[in-house]
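Colleague: got a predicted structure here, sequence first:
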Amino acid sequence: MSAEGTDRADAGGDGPGTDRPARYDARAIERRWQAVWAEEQTWEVPNPGGPGFDPAEPKAYVLVMLPYPSGEPHVGHLKVYSVGDAIAHYRRRNGYRVLQPMGYDSFGLPAENHAIRTGEHPRESTERSIASFRGQFLDWGVSIDWSRELATHEPAYYRWTQWIFLRLFEAGLAYRAEAAVQWCPKDQTVLANEQVIDGRCERCGTEVVPKKLEQWYFRITDYADRLLADFDRLESWPEHVVTMQRNWIGRSEGAEAVFRCAELGIDFPVFTTRPDTLYGATFFVLAPEHPDLDRLVDGTSNAGEVRDYVAAALRRPAGERGDAEREKTGVRLARTVTNPVNGEEIPMFVADYVLMEYGTGAIMAVPAHDQRDFEFARAFDLPVRRVVEPADGTEPAAGEAFVTQSEDVVVVNSGSLDGLAPAAAKRRIIDELEAAGRGRLAVNYRLRDWLLSRQRYWGCPIPIVHCPECGPVAVPDDQLPVELPDVEDYRPKGQSPLATATDWVETACPRCSGLARRETDTMDTFVDSSWYFLRYLDPGNAALPFDRAVADHWMPVDQYIGGVEHAILHLMYARFFTKALADEGLVGVQEPFSNLFTQGMITRDGAKMSKSKGNVVDPADYVARYGADTARTYVCFMGPPDRGGDWVDEGVEGVHRFLARLWRLADEQAAKESDRAMFDPEWQRGTGGPARALLAKAHWAIDKATRDFERGFQFNTVIAAVMELVNDAYRLRDDLAGDDGGRALRFATATAASLIFPFAPHLGCEAWGAVVGGRLWEEPWPAADGELLATDTVTLVVQVNGKLRDRVEVPAGAGEDEVLAAVGASARIQEVLDGREPVKSIVVPDRLVNLVVR
RNA sequence: GCCGGGGUGGCGGAACUGGCGAUACGCGGCCGGCUUAAACCCGGCUGCCCGAGAGGGCUUGAGGGUUCGAAUCCCUCCCCCGGCACCA
């Protein structure tokens, strides 16, 4: 705050009063301030124990989802960093020590596909992209602690990804299993369930095909209940993100009931959410993948038909099979099972509408109360037995299943359950099953374990050695990282390109020293990004991924910011990792991100931007033409940032005009030396006339901006308030004569600079430096003076029967009598009343009066 | 079908817990000033209808309701966007 600080002369350019052009030269201003920040490492923050660390200072970890570096940053990046930086700056000036780091999610398919096309090593194209991302983020003036920068493809980073993998492996949370998985024929790799959208590969849109393979999994399903329960630990997450994760985890309560095939002596447990309808089961269906099918079919008359059906079903793409509109198909087996509640023998079928992945891969079919079973029964002419009826005796619609969540129904045709409502019937039947040893209460999840291995090159190698004697063996910690070898051909050939690096693959078993082979699959890139927020905290640590004490200081992330597209994948995986690491004692928090903000997508001409449509907005163009401050302020001004918005060039120009107006105001007011007299509350309170009016407006703007910041992310209205202040300053400018007037105008300008700073930091600093002197980022966020906020008189609206008829001026805080007296004095109101007496008068202090007449 | 989020001027959007003329702020449009002129810039006007005017009426997707008072609360319906969907 000393005068030597940074007025614009110090910031490296022309001083006040010299030949500075009377024009808002955004780029010159931005370069000057960026040079200061880089030189002084302004945004670097110390860790506990580090130089300058103050344990008394509250911390704020503000984190934007790390970008995948491909080509150049796009408007989505501009928006997310503009929002993140506004929060970071606001928190800083409110006394927080803010950590805002930066890194790159730099493993992944685009770079690898580029390598396949061009032969260029993915590392080279990736590092080129990183350089261009870094360059633009610097250009935008984002307040990042660059000393913590990381990239997930660097061995110094993925060494610890591997280390964490091994901890999970040791804890039994990483395992290998053979299962039918989803294979993308184009990308030549398996995919996690989360990465298959409508039966298609999330990346390339190719229809995935089922394939039986042995793969690596993380046991995320063990954490299903905690992932659900701990939503309660979150401070503020968008409701819809929580809902999406809840749906994805898909917890459902019900019962397991065991149907027995007496002939063969095989028990078939099924999961059902409707055990109250067990008496309505008229047939039984197995998924085509069901492991007991062979035994059931062997030696039966239609074995060939069943096997043909199964073979066809297994070839069918998942997307097609998942289509509910398709006609139900299946084949009847020459076997029956016994219903555990009534001993009834019911026929068995195989049908592809039953999924092996959900429940037990077998269902009891209750056609009367399940639409799918109903359709199947109709196709195969099977009996439909109603066991639930509306309590009021009405008849359910014919021609479809009677499905309802209502409790106003009654169970019928069900032995001891007759007459009960569903909830009671469920409890009783579960008790009965349990007593008979034929079932129990059960919970089932839609969530599957996380399939993490990929048959691709550009990813983190899985640190496992396969030994013919010892099986899969962990690479010892001191041999990490297992570095990604160079290969000649990046083309995937059904197995990872790593398999061709013979020298690398062939190794000694860490346990028995025998000849062994390295695992050649790499990890899903979501593994890399499931813990990066922890590495930022201690990026130089060579002994551990991060120090527990350091993590205890910074975690959890106070504000996480990113796109909704990660609502399920990344956010759920990162939550899972955090919990698993907490169980290992590595971190002290159960949830990584206390507050989440998801920003809306920017469109152009109402459409998603795409190269093929030719409507892509390149932020660099706008930064070059108008400056980073304009581009950043514009994306925050378009509308509430959690909603999308359409990029309109005229809107950018409007914001630029506003910033230029503020710059000119500051330029005109530029003081030769530091002047803090304008902040003196005694002086401010003693003013009158236009000076007072402008000071009041400035305090109004402070109050409005602060409230909107605290309220959430209403940045558009914060900026609008500063615009109002600047507009008033221009309007009143000519009336502001004398010392008080000049000082009030400088205060208004300084306040506008101060409030716009989170969005336009360079201009904020520049304008502040001109009228006040010193460095704005070291100034606390301003506080509104209540006395200047309050007004002496207020204008009340006077309504008659709810219709506005007049306004009256009364002293602020005037009581009911005083108000009614003022209203009585209004000629206009008397005219409207026309002699009628109000039957009721509502007085809302300082707001309005409503007279009710007949 | 299920679950979220929305529908406010020519456009993007404001309006704290129902209450200071709904439409702040920006864009667009119109008028004026500056200028030889234009751009820039500065100032003003700008929801719709009727009216010369004073003024009046109407207006927050549609229709009902609660209330002295509704964009805001309740019910019914329509439309748009996003997510999930043969999950037993």
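Modeller: Done, it's in. Residues are numbered from 1 along each chain as shown, chains lettered A, B, ... in the order given.

Colleague: and the residue lying closest to A:A174 once chain neighbours are set aside, helix, strand or coil?
Modeller: Using CB to CB, 6 or more residues apart in numbering and skipping the chain neighbours, the partner closest in space to A:A174 is A:L168 (4.3 Å). In this view, the C-beta of every residue, glycine as well, is placed from N, C-alpha and C. Following DSSP: H, G, I helix; E, B strand; the rest coil, the label given to A:L168 is helix.

Colleague: what sits against A:L168?
Modeller: Taking CB atoms under 8 Å, 6 or more residues apart in numbering as the criterion, A:L168 is in contact with A:A174, A:F218, A:A580.

Colleague: and the last one, what is it in contact with?
Modeller: The reference is to A:A580. A:L168, A:A171, A:L173, A:Y223.

Colleague: equivalent analysis for the first one, please.
Modeller: When contacts are counted by CB under 8 Å, 6+ apart, A:A174 is found next to A:F165, A:L168, A:W216, A:Y217, A:F218, A:R219, A:L452.

Colleague: could you pull out the helices for the stretch 601-750 of chain A?
Modeller: Using DSSP state H, counting those that start in this stretch, the helices of the stretch 601-750 of chain A run over A:619-626, A:628-637, A:649-669, A:681-686, A:689-711, A:715-732, A:738-756.

Colleague: just the ones you listed: most buried one?
Modeller: Across those, the average number of neighbours (mean count of other CB atoms under 10 Å) peaks for helix A:628-637, which reaches a mean of 27.

Colleague: tell me the contacts of A:A334?
Modeller: A:T300, A:S301, A:N302 are the contacts of A:A334 under CB under 8 Å, 6+ apart.

Colleague: same thing with A:T189?
Modeller: For A:T189, counting by CB under 8 Å, 6+ apart, the contacting residues are A:W183, A:R454, A:Q455, A:R456, A:P492.

Colleague: is it in a bridge, and if so with what?
Modeller: Beta bridges link A:T189 to A:C184, judged by DSSP bridges.

Colleague: what about it, distance to RNA strand B?
Modeller: 20 Å (CB to the nearest atom of the strand, to the nearest Å).

Colleague: redo the helices of the stretch 601-750 of chain A as JSON lines? Include mean pLDDT and distance to A:T404.
Modeller: Formatted as JSON lines, the helices of the stretch 601-750 of chain A follow (pLDDT from 0 to 100; distance: least, CB to CB, whole Å):
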{"stretch": "helix A:619-626", "mean pLDDT": "95", "distance to A:T404": "53"}
{"stretch": "helix A:628-637", "mean pLDDT": "95", "distance to A:T404": "48"}
{"stretch": "helix A:649-669", "mean pLDDT": "93", "distance to A:T404": "51"}
{"stretch": "helix A:681-686", "mean pLDDT": "93", "distance to A:T404": "67"}
{"stretch": "helix A:689-711", "mean pLDDT": "92", "distance to A:T404": "42"}
{"stretch": "helix A:715-732", "mean pLDDT": "94", "distance to A:T404": "45"}
{"stretch": "helix A:738-756", "mean pLDDT": "92", "distance to A:T404": "56"}
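
Colleague: distance to A:R321 for the ones you listed - can I get that in TSV?
Modeller: Listed next are the helices of the stretch 601-750 of chain A as TSV, based on distance: least, CB to CB, whole Å:
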stretch	distance to A:R321
helix A:619-626	43
helix A:628-637	43
helix A:649-669	47
helix A:681-686	72
helix A:689-711	48
helix A:715-732	46
helix A:738-756	56
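
Colleague: so which of these is nearest A:R251?
Modeller: Nearest of the helices of the stretch 601-750 of chain A to A:R251, taken as CB to CB: helix A:689-711 at 33.5 Å.

Colleague: tell me what angle the closest one forms with helix A:715-732.
Modeller: If you take axes from the mean of the first three to the mean of the last three CA atoms, to 10 degrees, helix A:689-711 sits at 170 degrees to helix A:715-732.

Colleague: who's in contact with helix A:689-711?
Modeller: A:90, A:684, A:687, A:714-715, A:717-718, A:721-722, A:724-725, A:728-729, A:732, A:735-736, A:740-741, A:743-745, A:747-748, A:751-752, A:755, A:758, A:781-785, A:788-789, A:791.

Colleague: hmm, back to that, just the ones in strands from the contacts of A:A174, please.
Modeller: A:W216, A:Y217, A:F218 (DSSP state E).

Colleague: what number of residues lie near the last one?
Modeller: I take that to be A:F218. Per other CB atoms under 10 Å, the neighbour tally for A:F218 reads 26.

Colleague: mind listing the residues bridging to it?
Modeller: With DSSP bridges as the criterion, A:F218 is bridged to A:A174, A:W450.

Colleague: mind giving me the domain ranges of chain A?
Modeller: Using automatic domain parsing, the domain parsing of chain A gives A:41-152+A:530-599, A:161-219+A:449-526, A:252-444, A:619-789, A:793-852.

Colleague: dump these to TSV, plus distance to A:M609.
Modeller: Converted to TSV, the domains of chain A look like this (distance: least, CB to CB, whole Å):
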stretch	distance to A:M609
domain A:41-152+A:530-599	7
domain A:161-219+A:449-526	18
domain A:252-444	27
domain A:619-789	8
domain A:793-852	46
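
Colleague: okay, now A:A822: neighbour count?
Modeller: 18.
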